[in-house]
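> Give me a model of this one.
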Amino acid sequence: MSEKGFEFDEFKEALAQQIREYLPEEYKNGTIQFQEVTKSGIGEITGMTIRTPDSRIAPCLYIDSAFEEHQKYDIPVSKIAESLGKTFGEALLGSQSLSEDNSLRTLMSKGFEWDAVKESCFIKAVPLSDNGSYLQNLPHRMQGDIAAVYQISLGDSDQGKMSVSITNELAQKFGVSEEQLYHVAVQNMMEQNPPHIASMEDVMMGIMTGEGFPAKSDFGEELSQLPEADSMVGIPMNVLSNTDSMNGAASLFSAETMDALAAKYPDGFYILPSSIHEVLIVAKGENSPSLDELNAMVKEINVAEVAPQDRLSDFVHEYDPASRSLFIAGTEAPSKAMKAAEQAQKQEEQKQTPHKR
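Model prediction:
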(Lines give C-alpha, C1' and ligand atoms only; values in the text may rest on other atoms or scores of the structure.)
Protein backbone atom coordinates (compact mmCIF):
# COMPACT_ATOMS: atom_id res chain seq x y z
CA MET A 1 0.00 0.00 0.00
CA SER A 2 1.26 3.46 -0.85
CA GLU A 3 2.27 5.50 2.22
CA LYS A 4 0.49 8.54 0.77
CA GLY A 5 -3.17 9.25 1.44
CA PHE A 6 -3.58 7.11 4.56
CA GLU A 7 -6.61 7.46 6.80
CA PHE A 8 -5.80 8.39 10.40
CA ASP A 9 -5.59 4.84 11.84
CA GLU A 10 -3.43 3.70 8.91
CA PHE A 11 -1.27 6.80 9.35
CA LYS A 12 -0.71 6.01 13.04
CA GLU A 13 0.21 2.39 12.27
CA ALA A 14 2.68 3.40 9.54
CA LEU A 15 4.16 6.16 11.71
CA ALA A 16 4.69 3.78 14.64
CA GLN A 17 6.57 1.38 12.36
CA GLN A 18 8.74 3.94 10.58
CA ILE A 19 9.65 6.30 13.41
CA ARG A 20 11.76 3.63 15.14
CA GLU A 21 14.51 4.11 12.56
CA TYR A 22 14.95 7.73 13.68
CA LEU A 23 14.74 7.30 17.45
CA PRO A 24 17.67 7.32 19.91
CA GLU A 25 19.18 3.83 20.08
CA GLU A 26 17.74 2.96 23.49
CA TYR A 27 14.19 3.80 22.29
CA LYS A 28 14.18 1.92 18.97
CA ASN A 29 12.47 -1.09 20.57
CA GLY A 30 10.35 0.97 22.96
CA THR A 31 6.60 0.70 23.43
CA ILE A 32 4.68 3.17 21.26
CA GLN A 33 1.23 4.25 22.39
CA PHE A 34 -1.36 6.71 21.09
CA GLN A 35 -3.79 8.50 23.37
CA GLU A 36 -6.24 11.38 23.28
CA VAL A 37 -4.92 14.36 25.23
CA THR A 38 -6.85 17.47 26.25
CA LYS A 39 -4.78 20.61 25.71
CA SER A 40 -5.64 24.01 27.15
CA GLY A 41 -7.41 26.22 24.62
CA ILE A 42 -7.30 23.55 21.90
CA GLY A 43 -9.39 20.59 23.01
CA GLU A 44 -8.66 16.92 22.32
CA ILE A 45 -5.65 16.02 20.20
CA THR A 46 -3.76 12.77 19.63
CA GLY A 47 -0.44 12.25 21.35
CA MET A 48 2.18 9.56 20.73
CA THR A 49 4.44 8.42 23.56
CA ILE A 50 7.45 6.11 23.34
CA ARG A 51 8.62 4.36 26.49
CA THR A 52 11.20 1.81 27.55
CA PRO A 53 10.95 -0.34 30.70
CA ASP A 54 13.41 2.03 32.41
CA SER A 55 11.83 5.33 31.35
CA ARG A 56 10.10 7.25 34.15
CA ILE A 57 8.51 9.81 31.82
CA ALA A 58 8.26 10.15 28.07
CA PRO A 59 7.88 13.20 25.83
CA CYS A 60 4.55 13.30 24.02
CA LEU A 61 4.52 13.98 20.27
CA TYR A 62 1.28 15.49 18.96
CA ILE A 63 0.54 14.14 15.52
CA ASP A 64 -2.69 15.83 14.36
CA SER A 65 -0.96 18.62 12.44
CA ALA A 66 1.44 16.10 10.90
CA PHE A 67 -1.52 14.03 9.67
CA GLU A 68 -3.13 17.15 8.20
CA GLU A 69 0.09 17.91 6.28
CA HIS A 70 0.21 14.27 5.12
CA GLN A 71 -3.30 14.51 3.69
CA LYS A 72 -3.15 18.05 2.36
CA TYR A 73 0.32 18.00 0.78
CA ASP A 74 0.88 14.25 0.27
CA ILE A 75 3.94 14.33 2.51
CA PRO A 76 5.20 10.74 2.87
CA VAL A 77 4.93 9.15 6.30
CA SER A 78 8.66 8.37 6.12
CA LYS A 79 9.46 12.11 6.03
CA ILE A 80 7.09 12.80 8.91
CA ALA A 81 8.62 9.93 10.91
CA GLU A 82 12.10 11.34 10.35
CA SER A 83 11.03 14.81 11.53
CA LEU A 84 9.15 13.53 14.59
CA GLY A 85 12.00 11.19 15.49
CA LYS A 86 14.37 14.14 15.53
CA THR A 87 11.90 16.14 17.64
CA PHE A 88 11.64 13.25 20.11
CA GLY A 89 15.42 13.09 20.44
CA GLU A 90 15.67 16.83 21.08
CA ALA A 91 12.90 16.73 23.65
CA LEU A 92 14.55 13.77 25.38
CA LEU A 93 18.07 15.09 25.47
CA GLY A 94 17.40 18.82 25.62
CA SER A 95 18.99 21.20 23.11
CA GLN A 96 22.77 21.61 23.08
CA SER A 97 22.45 25.06 24.57
CA LEU A 98 20.92 23.66 27.77
CA SER A 99 23.10 22.94 30.73
CA GLU A 100 23.09 19.31 31.82
CA ASP A 101 21.22 20.14 35.02
CA ASN A 102 18.24 21.44 33.03
CA SER A 103 17.94 18.68 30.45
CA LEU A 104 15.15 16.17 30.51
CA ARG A 105 17.60 13.31 30.61
CA THR A 106 19.16 14.71 33.80
CA LEU A 107 15.72 15.03 35.42
CA MET A 108 15.02 11.43 34.50
CA SER A 109 18.37 10.26 35.88
CA LYS A 110 17.53 11.98 39.17
CA GLY A 111 14.26 10.09 39.32
CA PHE A 112 12.19 13.18 38.52
CA GLU A 113 11.92 13.84 42.25
CA TRP A 114 10.55 17.08 43.68
CA ASP A 115 13.86 18.34 45.08
CA ALA A 116 15.43 17.91 41.63
CA VAL A 117 12.78 19.92 39.78
CA LYS A 118 11.10 22.35 42.18
CA GLU A 119 13.26 25.28 41.08
CA SER A 120 11.81 24.74 37.58
CA CYS A 121 8.17 24.82 38.73
CA PHE A 122 6.16 27.68 37.26
CA ILE A 123 2.58 28.88 36.97
CA LYS A 124 0.72 29.02 33.69
CA ALA A 125 -2.54 30.99 33.52
CA VAL A 126 -5.20 29.20 31.45
CA PRO A 127 -8.89 29.88 30.75
CA LEU A 128 -11.67 28.06 32.56
CA SER A 129 -13.80 27.88 29.40
CA ASP A 130 -13.33 24.66 27.39
CA ASN A 131 -10.89 23.37 30.01
CA GLY A 132 -13.16 21.60 32.47
CA SER A 133 -11.85 18.08 31.76
CA TYR A 134 -8.30 19.41 31.39
CA LEU A 135 -8.34 20.98 34.86
CA GLN A 136 -9.85 17.94 36.56
CA ASN A 137 -6.55 16.11 36.15
CA LEU A 138 -4.35 18.98 37.36
CA PRO A 139 -3.75 20.70 40.70
CA HIS A 140 -4.98 24.26 40.11
CA ARG A 141 -6.58 27.31 41.66
CA MET A 142 -9.24 29.57 40.24
CA GLN A 143 -9.52 33.36 40.30
CA GLY A 144 -12.46 34.72 38.33
CA ASP A 145 -12.62 32.42 35.32
CA ILE A 146 -8.83 32.14 35.07
CA ALA A 147 -6.97 29.11 36.43
CA ALA A 148 -3.38 28.75 37.57
CA VAL A 149 -1.86 25.38 36.64
CA TYR A 150 1.68 24.23 37.34
CA GLN A 151 4.41 23.11 34.98
CA ILE A 152 8.01 21.97 35.14
CA SER A 153 10.16 23.91 32.69
CA LEU A 154 12.57 21.73 30.71
CA GLY A 155 14.32 24.59 28.92
CA ASP A 156 14.42 25.45 25.22
CA SER A 157 14.57 23.47 22.01
CA ASP A 158 14.37 24.36 18.33
CA GLN A 159 10.59 23.97 18.66
CA GLY A 160 10.36 26.43 21.56
CA LYS A 161 10.10 26.07 25.32
CA MET A 162 9.59 22.56 26.65
CA SER A 163 7.59 21.79 29.77
CA VAL A 164 5.74 19.05 31.61
CA SER A 165 2.38 19.71 33.25
CA ILE A 166 2.09 18.68 36.89
CA THR A 167 -0.85 16.30 37.03
CA ASN A 168 -2.62 15.12 40.16
CA GLU A 169 -0.72 11.86 39.82
CA LEU A 170 2.64 13.60 39.50
CA ALA A 171 1.91 15.91 42.45
CA GLN A 172 1.07 12.86 44.54
CA LYS A 173 4.37 11.25 43.49
CA PHE A 174 6.18 14.46 44.47
CA GLY A 175 4.35 14.47 47.78
CA VAL A 176 3.28 18.11 47.44
CA SER A 177 -0.09 19.85 47.80
CA GLU A 178 -1.53 22.50 45.50
CA GLU A 179 -0.75 25.10 48.17
CA GLN A 180 2.91 24.05 48.19
CA LEU A 181 3.04 24.12 44.40
CA TYR A 182 1.59 27.61 44.39
CA HIS A 183 4.08 29.08 46.86
CA VAL A 184 7.08 27.47 45.17
CA ALA A 185 5.91 28.53 41.70
CA VAL A 186 5.28 32.15 42.77
CA GLN A 187 8.69 32.34 44.44
CA ASN A 188 10.34 31.00 41.27
CA MET A 189 8.39 33.51 39.19
CA MET A 190 9.49 36.46 41.29
CA GLU A 191 13.13 35.35 41.31
CA GLN A 192 13.60 33.98 37.81
CA ASN A 193 10.96 35.50 35.52
CA PRO A 194 9.45 38.43 37.41
CA PRO A 195 6.49 40.56 36.32
CA HIS A 196 7.07 43.74 34.32
CA ILE A 197 4.74 46.56 33.36
CA ALA A 198 4.96 49.28 30.74
CA SER A 199 2.63 51.72 29.03
CA MET A 200 0.92 50.60 25.85
CA GLU A 201 2.79 53.35 24.01
CA ASP A 202 6.20 52.09 25.16
CA VAL A 203 5.29 48.49 24.33
CA MET A 204 4.21 49.42 20.80
CA MET A 205 7.40 51.42 20.35
CA GLY A 206 9.43 48.40 21.46
CA ILE A 207 7.65 46.22 18.92
CA MET A 208 8.27 48.70 16.10
CA THR A 209 11.96 49.14 16.95
CA GLY A 210 12.53 45.43 17.56
CA GLU A 211 13.69 46.06 21.12
CA GLY A 212 10.81 44.08 22.62
CA PHE A 213 9.12 44.65 25.96
CA PRO A 214 10.67 47.73 27.65
CA ALA A 215 11.32 45.95 30.96
CA LYS A 216 13.38 47.64 33.66
CA SER A 217 15.08 46.04 36.63
CA ASP A 218 12.44 46.73 39.25
CA PHE A 219 8.64 46.49 39.13
CA GLY A 220 8.24 49.34 41.61
CA GLU A 221 10.39 51.58 39.44
CA GLU A 222 8.29 50.70 36.41
CA LEU A 223 5.09 51.54 38.29
CA SER A 224 6.41 54.91 39.39
CA GLN A 225 7.30 55.87 35.82
CA LEU A 226 3.97 54.96 34.21
CA PRO A 227 2.29 58.00 32.62
CA GLU A 228 -0.97 59.35 34.01
CA ALA A 229 -2.55 58.93 30.57
CA ASP A 230 -1.34 57.02 27.54
CA SER A 231 -1.06 59.36 24.56
CA MET A 232 -2.25 56.58 22.25
CA VAL A 233 -5.58 55.93 23.98
CA GLY A 234 -6.01 58.92 26.31
CA ILE A 235 -6.31 56.85 29.49
CA PRO A 236 -3.79 54.95 31.62
CA MET A 237 -3.54 51.63 29.73
CA ASN A 238 -0.57 49.48 30.64
CA VAL A 239 0.71 46.05 29.66
CA LEU A 240 1.54 43.52 32.39
CA SER A 241 3.76 40.60 31.38
CA ASN A 242 7.06 39.11 32.53
CA THR A 243 10.75 39.10 31.62
CA ASP A 244 10.34 36.52 28.85
CA SER A 245 7.03 37.93 27.57
CA MET A 246 5.86 34.31 27.56
CA ASN A 247 2.98 33.15 29.78
CA GLY A 248 3.13 36.58 31.39
CA ALA A 249 -0.50 36.43 32.54
CA ALA A 250 0.79 34.21 35.34
CA SER A 251 1.81 37.49 36.99
CA LEU A 252 -1.86 37.87 37.98
CA PHE A 253 -1.32 35.15 40.59
CA SER A 254 1.40 37.12 42.39
CA ALA A 255 -0.39 38.84 45.28
CA GLU A 256 2.68 41.05 45.75
CA THR A 257 2.38 42.32 42.19
CA MET A 258 -1.35 42.86 42.39
CA ASP A 259 -1.07 44.65 45.75
CA ALA A 260 1.46 47.04 44.19
CA LEU A 261 -1.00 47.79 41.39
CA ALA A 262 -3.78 48.34 43.92
CA ALA A 263 -1.56 50.84 45.76
CA LYS A 264 -0.78 52.59 42.46
CA TYR A 265 -4.48 52.84 41.57
CA PRO A 266 -6.42 53.31 44.85
CA ASP A 267 -9.67 53.89 42.94
CA GLY A 268 -9.31 50.46 41.39
CA PHE A 269 -8.36 49.11 37.99
CA TYR A 270 -9.64 46.76 35.34
CA ILE A 271 -7.73 43.75 34.02
CA LEU A 272 -8.24 43.01 30.32
CA PRO A 273 -7.09 39.40 29.70
CA SER A 274 -5.66 39.96 26.24
CA SER A 275 -3.81 36.59 26.12
CA ILE A 276 -1.98 34.05 28.26
CA HIS A 277 1.19 36.06 27.59
CA GLU A 278 0.10 39.51 28.80
CA VAL A 279 -2.87 41.42 30.19
CA LEU A 280 -3.87 45.07 29.99
CA ILE A 281 -4.28 47.19 33.12
CA VAL A 282 -6.77 50.05 32.83
CA ALA A 283 -7.13 52.45 35.75
CA LYS A 284 -10.67 53.36 36.79
CA GLY A 285 -11.53 57.01 36.39
CA GLU A 286 -13.82 59.57 34.82
CA ASN A 287 -12.29 59.08 31.38
CA SER A 288 -12.05 55.29 31.45
CA PRO A 289 -14.34 53.31 29.12
CA SER A 290 -17.43 51.63 30.53
CA LEU A 291 -17.28 48.00 31.60
CA ASP A 292 -19.50 47.04 28.64
CA GLU A 293 -17.09 48.75 26.25
CA LEU A 294 -14.09 46.99 27.80
CA ASN A 295 -15.77 43.57 27.67
CA ALA A 296 -16.65 44.16 24.03
CA MET A 297 -13.02 45.14 23.36
CA VAL A 298 -11.71 41.92 24.93
CA LYS A 299 -14.08 39.70 22.95
CA GLU A 300 -13.31 41.49 19.69
CA ILE A 301 -9.54 41.17 20.19
CA ASN A 302 -9.87 37.48 21.11
CA VAL A 303 -11.74 36.70 17.90
CA ALA A 304 -9.71 38.88 15.55
CA GLU A 305 -6.16 38.78 16.87
CA VAL A 306 -5.51 36.04 19.46
CA ALA A 307 -4.79 32.43 18.50
CA PRO A 308 -7.23 30.00 20.20
CA GLN A 309 -4.48 28.36 22.26
CA ASP A 310 -3.40 31.79 23.58
CA ARG A 311 -6.83 33.08 24.66
CA LEU A 312 -7.26 33.66 28.38
CA SER A 313 -10.78 34.96 29.02
CA ASP A 314 -13.63 36.86 27.39
CA PHE A 315 -14.34 38.79 30.59
CA VAL A 316 -12.76 41.85 32.18
CA HIS A 317 -11.57 41.17 35.74
CA GLU A 318 -10.87 43.21 38.84
CA TYR A 319 -8.61 42.71 41.86
CA ASP A 320 -9.99 42.55 45.39
CA PRO A 321 -7.20 43.67 47.78
CA ALA A 322 -9.11 42.45 50.85
CA SER A 323 -9.16 38.84 49.65
CA ARG A 324 -6.07 39.24 47.42
CA SER A 325 -7.83 37.59 44.51
CA LEU A 326 -9.31 38.33 41.10
CA PHE A 327 -12.98 38.34 40.23
CA ILE A 328 -15.02 38.95 37.09
CA ALA A 329 -15.80 42.66 36.86
CA GLY A 330 -19.44 43.41 37.53
CA THR A 331 -19.82 40.55 40.02
CA GLU A 332 -19.50 40.76 43.79
CA ALA A 333 -15.96 41.00 45.17
CA PRO A 334 -14.89 37.82 47.02
CA SER A 335 -14.33 39.66 50.32
CA LYS A 336 -17.86 41.13 50.23
CA ALA A 337 -19.35 37.76 49.34
CA MET A 338 -17.47 36.10 52.22
CA LYS A 339 -18.62 38.81 54.65
CA ALA A 340 -22.23 38.41 53.54
CA ALA A 341 -21.99 34.63 53.95
CA GLU A 342 -20.53 35.02 57.45
CA GLN A 343 -23.31 37.41 58.46
CA ALA A 344 -25.94 35.02 57.09
CA GLN A 345 -24.39 32.15 59.04
CA LYS A 346 -24.38 34.18 62.28
CA GLN A 347 -28.02 35.11 61.79
CA GLU A 348 -28.93 31.46 61.23
CA GLU A 349 -27.02 30.42 64.35
CA GLN A 350 -28.80 33.09 66.38
CA LYS A 351 -32.17 31.78 65.20
CA GLN A 352 -31.27 28.25 66.29
CA THR A 353 -29.91 29.30 69.71
CA PRO A 354 -32.58 28.93 72.47
CA HIS A 355 -33.42 32.21 74.19
CA LYS A 356 -33.11 32.33 77.95
CA ARG A 357 -36.06 33.62 79.98
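> The nearest residue to Asn247 once chain neighbours are set aside pairs with what?
The shortest distance from Asn247 to any non-neighbouring residue, by CB to CB, 6 or more residues apart in numbering, is to Lys124 (5.2 Å). Where you see a C-beta, it was placed from the backbone N, CA and C, and this is true even at glycine. Beta-bridge partners of Lys124, counted by DSSP bridges, are Val149.
> to the chain's geometric centre, what's the distance from stretch 324-334?
The gap between where stretch 324-334 is centred and where its chain is centred comes out at 21 Å by CA atoms, centre = their mean, to the nearest Å.
> Just the element for Lys179, please.
One correction, residue 179 is Glu, not Lys. helix 178-192 (DSSP states H and E).
> So which residue is dead centre in this structure?
The centroid of the chain falls nearest to Lys124 when counting by CA atoms, centre = their mean (2.8 Å).
> residues contacting it?
When contacts are counted by CB atoms under 8 Å, 6 or more residues apart in numbering, Lys124 touches 40, 148-151, 247, 250, 276.
> From Ile207, how far off is it?
Separation of Lys124 from Ile207 (CB to CB, to the nearest Å): 23 Å.
> Quick one: the strands in the protein, in order.
Taking DSSP state E, the strands of the chain run over residues 31-39, 43-51, 60-62, 121-127, 140-143, 146-157, 160-165, 195-199, 237-242, 269-272, 279-283, 317-320, 325-328.
> And those strands: which comes nearest His70?
Taking CB to CB as the criterion, strand 43-51 is the member of those that comes nearest to His70, at 13.1 Å.
> Quick check: which ranges of the stretch 51-200 of the chain have low pLDDT?
Residues of the stretch 51-200 of the chain that meet the criterion pLDDT under 70 lie in 55-58, 91-112, 130-132, 156-161.
> picking that back up, closest one to Pro24 among the strands of the chain?
Ranking the strands of the chain by their distance to Pro24 (criterion: CB to CB) puts strand 43-51 first, at 9.5 Å.
> Need the contact partners of the lengthiest helix in the chain.
Longest helix in the chain by number of residues (criterion: DSSP state H): helix 334-352. Identification of contacts with helix 334-352 by CB under 8 Å, 6+ apart yields 320, 322-323, 325, 327, 332.
> burial count for Asn247?
Using other CB atoms under 10 Å, Asn247 has 25 neighbouring residues.
> Angles on the backbone of it, please.
Listed backbone geometry of Asn247 is phi 50, psi 40, with angles given as degrees, to the nearest 10.
> Give the full set of residues in contact with it.
122-125, 276-277.
> follow-up on the earlier one: would you mind putting the strands of the chain into TSV with distance to Glu348 alongside?
As requested, those are exported to TSV (distance: least, CB to CB, whole Å):
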stretch	distance to Glu348
strand 31-39	41
strand 43-51	43
strand 60-62	50
strand 121-127	36
strand 140-143	27
strand 146-157	32
strand 160-165	42
strand 195-199	42
strand 237-242	41
strand 269-272	35
strand 279-283	39
strand 317-320	25
strand 325-328	25
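> With adjacent residues omitted, what lies nearest to Gly285?
For Gly285, the nearest residue in space outside its immediate sequence neighbours is Asp267; the separation is 6.6 Å by CB to CB, 6+ apart.
> Most neighbours among the contacts of Asn247, which one is it?
Each of the contacts of Asn247 was scored by neighbours using other CB under 10 Å; the highest score is Ile123's, at 27 neighbours.
> does it really touch Met189, like I thought?
Yes. Under the criterion of CB atoms under 8 Å, Ile123 lies in contact with Met189, with a separation of 6.3 Å.
> Understood, closing this out.
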